[in-house]
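Visitor: just a sequence and a predicted model for now, questions to come.
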Amino acid sequence: MKIIVVTPEGELYNEEVTSVVVASESNGEYGILSGHLPIVSTIDTGYIKMTYDQLTYYVVIVNGLVQNQHDIITVIAQDAYIGESKESAFENLFKIRKARIDSNKQRNLELAMAENELKKQIKQTGAGKL
Amino acid sequence: MSSMREIKNRINATAKTSQITKAMNMVSASKLRKVDKQNRAFQPTRERIKQVLEDILSTYFEVSHPLLIPREIKRTGYILVTSDRGLAGPYNNNLLKTFKAHLAKNHVSNDEFIVGTIGFKGFSFCKRNQYPMINTESVNSRDEIEFIDFQVMSRAFIKDYLDHKVDKIVVFYNHYINTLTQTIATEELLPITSLVNKREKKVSEFLFEPSPQAVIDSLLPIYLENRLFGIILDAKTSEHAARMTAMKNATDNAEEVISKLNLYYNRARQNAITIELTDIIGGANAVN
């Protein structure tokens, strides 16, 4: 059985697995083993637990679609982060998201300041009248 | 005629500006390639979600969603996709001008529409014109845009649509044709009419967990955001292309100005030499 996790940035994960657990905040969780019926479900915020022999990995998914067909599970997500435990994966997600929002706010501030500065400079130098 | 030093200063200044514009041109060129690649890579993802939706809608007749049903239009929502920074030629101006003309043609008062903007240029434009806006803060249009950047706005629009505060959502953006041509395009994001047209009775091969309706409910907003993301990528491609062309023109113009100034400079130099020579000869004649 194979799992492919796709985000807008490209393929995040493409590996062989023995079992998968799909957990979503609103829909609860279910497992997929090899030979499962073709299934489609969605994840609002949740995680996918992937097991291969003894190894277990967690992928946190934000707004995703899970599709299982012919033992190939495709996960299309808006955002996905991988971690060795559920907690670390979620922590990773929150940390990155928070940093992103903060940097966006900072950028807005910088842009507004830069625009004011430019207006002032244009007035002072009389550029455009040369 | 201005003095030699003045002309020399202007030549230096223009040369420095042309260096900057040349660098910007090259940066845009490489960014363009990157975004174009991302845009192409994103298409299959979008198609896949669309396929699942079509699959459900064509199989289960009882499934429906308010986002799929058109209704009488009382208030329209607009999304403007612009850039954060200028120096991209007519990229932002054309779009904002077209948008303003569209508003003047279709709406009588400001109560009939609400605007959401992506990119700082559009944000400050709407603020200047005092349009009603859905986002109080500018939504960044970064080079590597992520869903989280515009999700607050898109979710607010979807909520407004479900609450009957907005009856239609239209996106204004620059569509990328090639590096030299970009056109203003509009796309109707909501209601979604492109999915429902082919309804044929067939048996779906998929099991929908927990139910087809639940899958539709959570998948439709995702589909919408994916479409918007695709549009933003398209607009980003246009932005880099527009900037590339604008900066190429600026560099060419700077070269032209420099060659003209060089001519003036040489003329001024010759003039100065001639004056000096006549001075010397005049002086020598006076001594003799």
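Guide: Yep, that arrived.
Visitor: quick one: contacts for residue B:222?
Guide: A:42, A:63-65, A:78, B:49 (CB atoms under 8 Å, 6 or more residues apart in numbering or on different chains). The way it works is simple: take the backbone N, C-alpha and C, and place the C-beta from them, glycine included.
Visitor: ok, so of those residues, who is nearest residue B:86?
Guide: Proximity of the contacts of residue B:222 to residue B:86 (CB to CB) peaks at residue A:78, which lies at 29.7 Å.
Visitor: that closest one: which element?
Guide: Taking DSSP states H and E as the criterion, the element that holds residue A:78 is strand A:72-83.
Visitor: from residue A:14, how far out is residue B:58?
Guide: Using CB to CB, to the nearest Å, we find residue B:58 at a distance of 30 Å from residue A:14.
Visitor: after the strand holding residue A:78, which helix or strand is next?
Guide: The first helix or strand that comes after strand A:72-83 along the chain, using DSSP H and E, is helix A:86-125.
Visitor: just want the angle from that following helix to strand A:72-83.
Guide: In this structure, helix A:86-125 runs at an angle of 70 degrees to strand A:72-83, with axes from the mean of the first three to the mean of the last three CA atoms, to 10 degrees as the basis.
Visitor: and helix A:86-125, which residues are buried?
Guide: Burial within helix A:86-125, assessed by neighbour count using 16 or more other CB atoms under 10 Å in any protein chain shown, is assigned to A:89-90, A:93, A:100, A:104, A:108, A:111.
Visitor: interface residues of chain A facing chain B?
Guide: Where chain A comes near chain B, counting by CB under 8 Å from any CB of the partner chain, the residues are A:6, A:8-10, A:26-28, A:30, A:37-42, A:44, A:62-65, A:67, A:69, A:74, A:76, A:78-79, A:97, A:100-101, A:104-105, A:107-108, A:111-112, A:115.
Visitor: type out the PyMOL command that picks the buried ones from those.
Guide: Command for PyMOL, covering only those of these found buried under the criterion 16+ other CB under 10 Å:
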select buried, chain A and resi 6+8+27+30+39+40+41+42+62+63+64+65+67+74+76+78+79+100+104+108+111
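Visitor: who's more crowded, residue B:58 and residue A:14?
Guide: Between residue B:58 and residue A:14, residue B:58 has the larger neighbour count (other CB atoms under 10 Å in any protein chain shown), namely 17 against 10.
Visitor: so what's the residue nearest to residue B:71 when sequence neighbours are not counted up against?
Guide: The shortest distance from residue B:71 to any non-neighbouring residue, by CB to CB, 6 or more residues apart in numbering or on different chains, is to residue B:167 (5.7 Å). Contacts for residue B:167 (CB under 8 Å, 6+ apart) come out as B:71-76, B:161.
Visitor: which one of these sits closest to chain A?
Guide: Top of the list for closeness to chain A, among those and by CB to the nearest CB, is residue B:161 at 17.7 Å.
Visitor: who are the neighbours in contact with the closest residue to residue B:178 other than its chain neighbours?
Guide: The shortest distance from residue B:178 to any non-neighbouring residue, by CB to CB, 6+ apart, is to residue B:241 (7.6 Å). Residue B:241 is in contact with B:28, B:32, B:176, B:178-180, B:182, counting by CB under 8 Å, 6+ apart.
Visitor: worst-scoring helix or strand of the chain, pLDDT-wise?
Guide: By default, I'm working from chain A. In chain A, the helix or strand scored least confidently by mean pLDDT, DSSP states H and E is strand A:10-16, which has a mean of 84.
Visitor: switch to chain B, please.
Guide: Within chain B, judged by mean pLDDT, DSSP H and E, the helix or strand with the poorest mean is strand B:207-209; its value is a mean of 80.
Visitor: flag every residue of chain B that's near chain A.
Guide: Applying CB under 8 Å from any CB, we find that chain B lies next to chain A at B:38, B:41-42, B:45, B:48-49, B:52, B:84-85, B:120, B:124, B:137-138, B:140, B:142, B:146-149, B:205-210, B:214-215, B:218-219, B:221-222, B:225-226, B:229.
Visitor: again, 7 Å this time
Guide: B:41-42, B:45, B:48-49, B:52, B:84, B:120, B:124, B:137-138, B:140, B:146-149, B:205-210, B:214-215, B:218-219, B:222, B:225, B:229 (CB under 7 Å from any CB of the partner chain).
Visitor: which of those residues are buried?
Guide: In these, burial by neighbour count holds for B:42, B:45, B:48-49, B:52, B:84, B:120, B:124, B:138, B:140, B:146-149, B:206, B:208-209, B:214-215, B:218-219, B:222, B:225, B:229, counting by 16+ other CB under 10 Å.
Visitor: filter the residues you listed down to the ones in helices?
Guide: Using DSSP state H to define helices, the subset of these located there is B:42, B:45, B:48-49, B:52, B:120, B:124, B:147-149, B:214-215, B:218-219, B:222, B:225, B:229.
Visitor: before we move on, the earlier item: what does the least confident helix or strand of chain B contact?
Guide: Taking contacts as CB atoms under 7 Å, 6 or more residues apart in numbering or on different chains, the residues outside strand B:207-209 that touch it are A:30, A:37-41, B:56, B:215.
Visitor: widest-spaced pair of those residues?
Guide: Within these, two members stand farthest from each other by CB to CB: A:30 and B:56, at 18.5 Å.
Visitor: how about the strands in the stretch 1-150 of chain B?
Guide: Secondary structure of the stretch 1-150 of chain B (DSSP state E, counting those that start in this stretch): strands located at B:76-81, B:113-118.
Visitor: can you spell out which helices and strands pack onto the last one?
Guide: Think strand B:113-118. With contacts defined as 3 or more CB pairs under 7 Å, 6 or more residues apart in numbering or on different chains; DSSP states H and E, the packing partners of strand B:113-118 are strand B:76-81, helix B:120-129, helix B:147-162.
Visitor: who does the residue most central in space within chain A form a beta bridge with?
Guide: A centroid search over chain A (CA atoms, centre = their mean) returns residue A:79, at 1.4 Å, as the residue closest to the centre. Per DSSP bridges, residues listed as beta-bridge partners of residue A:79: residue A:62.
Visitor: now for it: which residues touch it?
Guide: Residues in contact with residue A:79 (CB under 7 Å, 6+ apart) are A:7, A:62, B:147-148.
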